[in-house]
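Q: Quick one, fold the following:
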Amino acid sequence: MGSSCNFSEAVDFDLASESARSYRMDCVEIRIGNRLEEMTKIVALVEDFGAKHLLPSEAINQLNLALDEVLNNVISYGYPDGKSSEIKVRLLYRPEEVCAEVHDEGCAFDPLQAGPPDMSGTVLTRKLGGVGIHFVKQLMDNVSYARVDNENRLMLTKKIR
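A: Predicted coordinates for the structure are as follows:
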């Protein structure tokens with residue numbers, strides 16, 4: 001089963017108060033700037049999308065948590081030169097699952113190559129890093145990554161129970 005939106009039939013709306021979005025009955029896309037304050041737009045998008053498709057609140061919350069972690073890392077570490085860029089987030093609904101794709105032009109980074117986090121020791125003594133992607137993997141049923149045309153593409157899939 002493919003895991004990306006087909007936007008060939010998408011309809012564009014001009015929304016004065018938000019970034020450009022593309023809608024299709026089962027798919028939505030938003031582009032945000034690579035700034036932390038832009039992340040609130042994703043929360044609203046996921047909430048609206050979840051309500052539209054009658055997704056369980058647990059799935060909406062888990063998707064929002066996972067996207068928050070992923071986007072925070074992309075914005076905080078993917079652009080060390082401070083370059084302004086857009087991040088594209090797509091949501092796709094299927095009766096048995098909801099998928100989120102995050103596309104960014106930040107530094108090439110495959111978060112799935114990180115090993116499991118070292119949870120030994122205390123918060124003050126253990127090595128930092130790796131906990132976020134571990135958390136995302138626990139929340140989602142599938143996480144995949146590809147680097148295509150100088151773009152990171154992370155796919156998150158949550159089965160709807």
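Q: And the strands in this structure, which stretches?
A: 11-13, 21-24, 27-33, 86-94, 97-104, 142-148, 151-159 (DSSP state E).
Q: Make CSV from those and add mean pLDDT to it.
A: Shown next, in CSV, are the strands of the chain (pLDDT from 0 to 100):
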stretch, mean pLDDT
strand 11-13, 35
strand 21-24, 43
strand 27-33, 96
strand 86-94, 96
strand 97-104, 96
strand 142-148, 96
strand 151-159, 97
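Q: Of all the ones you listed, which one is nearest P80?
A: strand 97-104 (13.3 Å; CB to CB). (Each C-beta comes from the backbone N, C-alpha and C, glycine too.)
Q: out of the strands of the chain, nearest to A59?
A: Comparing those by CB to CB, strand 151-159 comes nearest, at 5.4 Å.
Q: That closest one: which residues count as buried?
A: By 16 or more other CB atoms under 10 Å, the buried positions in strand 151-159 come out as 152-158.
Q: Output the residues you listed as JSON lines; include the columns distance to C107.
A: Output for those, formatted as JSON lines (distance: CB to CB, whole Å):
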{"residue": "N152", "distance to C107": "8"}
{"residue": "R153", "distance to C107": "14"}
{"residue": "L154", "distance to C107": "13"}
{"residue": "M155", "distance to C107": "19"}
{"residue": "L156", "distance to C107": "20"}
{"residue": "T157", "distance to C107": "24"}
{"residue": "K158", "distance to C107": "27"}
